[in-house]
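A.B. asks: Everything below, folded, please.
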Amino acid sequence: MTSLALSTPASRDEGATGFVSAGGPTGHFGPAVPILCRRAAVVTGVAGFIGSHLAESLLALGWSVLGVDRRAPASDRVAAVNLAELTGQPGFSLRLADLCHADLGPLVSRSEVVFHLAGLGGVRGSWGPRFADYLACNVLATHRLLAACEAAGIPRVVVASSSSVYGENPGRPSRELDSTRPASPYGVSKLAAERLSLAYAARPGTDLSVVALRYFSVYGPRQRADLVLDRLLRAVLTGVPVQLLGDGSQRRQFTYVGDAVAATVAAALSAPGAEVINVAGPRSVSLRRVISVVEQVTGRRMPLVHGRGGAGEVHSTEADLTHARATLGYAPAIELDEGIGRQWAWTTSDAARLRAYPLGVS
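C.D. replies: Below you'll find the model as predicted:
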């Protein structure tokens with residue numbers, strides 16, 4: 001049995017030749033963005049959930065992508081599965097590097113945009129002695145990357161932030177100018193990284209501009225195994241009960257990964273500045289509603305046991321998307337039932353089974 005809470009997050013030529021969806025291999029057809037001919041990007045955290053989807057879409061749009069991650073696909077089965085569609089693709093290369101220690105100047109020097117998605121996720125794991133790891137991965141690594149980008153004259157860095165910076169919902173959709181009161185050490189580390197990024201962009205004389213995207217509960221194929229929808233879908237697949245922490249009234253604004261990718265690409269192309277932007281799905285829904293949709297999509301009953309809520313887990317998140325619409329032309333396109341259907345199809349696929357077993361074991 002696994003425990004379930006609603007966790008709030010855990011790779012150049014110039015010119016445009018046309019317009020397509022940013023969704024690419026994710027199957028999402030969202031806001032149109034220009035097709036760019038071999039524009040160069042770096043994606044940190046490329047072996048992760050969102051990072052791998054982003055790299056696939058950038059390649060489909062004609063970018064060249066240098067993916068950076070410390071996880072080697074030869075020894076990490078999650079990295080191997082996430083990078084399977086990228087390996088061998090023209091325009092993609094992978095560099096194994098730890099952002100806390102590597103010489104980052106050569107990694108970013110030939111890029112026009114750096115997408116910084118590397119980091120350590122998860123609310124519950126951030127309590128206690130592991131907080132040092134969160135500081136290193138989410139704050140120190142971000143500082144080192146920003147310094148390298150500024151020194152190299154990189155014009156744009158897009159930073160993955162989180163709805164966790166808000167803390168508890170104020171009773172209305174959260175706006176970017178609202179007070180930030182993170183309820184967990186993870187949220188504190190993401191807010192620190194966000195503020196650090198904006199401080200770099202505000203330095204006198206800098207050429208660096210930053211867009212920090214506050215992702216709200218991103219889900220979809222290849223979602224991290226500790227996050228809520230992956231746990232629910234694996235529970236109905238295996239019949240092993242999942243522990244529901246709380247009474248199911250908790251609410252989240254789930255965001256399909258294709259929508260998150262579309263917003264992320266658009267952030268690279270928006271006007272220069274220092275921006276914080278919410279990225280969320282169509283609406284906030286209760287966990288009870290999510291469980292109902294999972295049962296409808298899969299045709300199976302959810303095996304549940306009930307437990308108490310976890311520390312740092314806020315009751316509700318909801319995003320105001322006014323700024324995202326105005327700045328990025330962003331509008332989420334994938335409804336929850338469609339997105340869960342896509343994630344269920346992946347959960348029952350050969351790729352998901354490969355992720356569940358060590359490399360070399362069938």
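
A.B. asks: my read: residue 111 touches residue 43, true?
C.D. replies: No. Residue 111 is beyond contact range of residue 43, at 9.5 Å (criterion: CB atoms under 8 Å). C-beta: built from backbone N, CA, C; applies to glycine.

A.B. asks: Name the residue in the two with the higher neighbour count.
C.D. replies: residue 43 (32 against 25; other CB atoms under 10 Å).

A.B. asks: Residues in a beta bridge with the more buried one, which ones?
C.D. replies: residue 67, residue 115 (DSSP bridges).

A.B. asks: In contact with it: list those residues for me.
C.D. replies: Applying CB atoms under 8 Å, 6 or more residues apart in numbering, we find residue 43 in contact with 11, 51, 54-55, 58, 65-68, 115, 117.

A.B. asks: Which of those residues lies at the shortest distance from residue 220?
C.D. replies: Set against residue 220, the nearest of those by CB to CB is residue 54 (12.0 Å).

A.B. asks: and residue 199, how many neighbours?
C.D. replies: Residues near residue 199, counting by other CB under 10 Å: 13.

A.B. asks: Which elements pack onto the helix or strand containing it?
C.D. replies: Element membership for residue 199 (DSSP states H and E) is helix 185-201. Counting contacts by 3 or more CB pairs under 8 Å, 6 or more residues apart in numbering; DSSP states H and E, helix 185-201 is packed against helix 131-134, helix 141-152, strand 156-162, strand 209-215, strand 274-279.

A.B. asks: could I get the ones you listed as a markdown table with mean pLDDT and distance to residue 228?
C.D. replies: Formatted as a markdown table, the helices and strands packed on helix 185-201 follow (pLDDT from 0 to 100; distance: least, CB to CB, whole Å):
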| stretch | mean pLDDT | distance to residue 228 |
| --- | --- | --- |
| helix 131-134 | 95 | 20 |
| helix 141-152 | 98 | 26 |
| strand 156-162 | 98 | 15 |
| strand 209-215 | 98 | 14 |
| strand 274-279 | 96 | 18 |
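
A.B. asks: Just give the nearest non-adjacent residue to residue 163, would you?
C.D. replies: When the adjacent residues along the chain are set aside, residue 163 lies closest to residue 216, with 4.4 Å between them (CB to CB, 6 or more residues apart in numbering).

A.B. asks: go on, residue 54?
C.D. replies: Spatial nearest neighbour of residue 54, chain neighbours left out: residue 261 (5.2 Å); criterion: CB to CB, 6+ apart.

A.B. asks: ok so that neighbour is a helix residue?
C.D. replies: Yes. Assessed by DSSP: H, G, I helix; E, B strand; the rest coil, residue 261 belongs to a helix.

A.B. asks: how near is it to residue 332?
C.D. replies: The spacing between residue 261 and residue 332, counted by CB to CB, to the nearest Å, is 12 Å.

A.B. asks: Now do the same contact list for the residue nearest the centre of the chain.
C.D. replies: For the chain, the residue nearest the mean C-alpha position is residue 50 (4.3 Å; CA atoms, centre = their mean). The contact partners of residue 50, by CB under 8 Å, 6+ apart, come to 117, 160, 215, 218, 257, 260-261, 264.

A.B. asks: Surely residue 99 forms part of a helix?
C.D. replies: No. Secondary structure of residue 99, determined by three-state DSSP: coil, with no helix assignment.

A.B. asks: Can you pull the phi/psi pair for it?
C.D. replies: Residue 99 adopts backbone torsions of phi -60, psi -20, taken as degrees, to the nearest 10.
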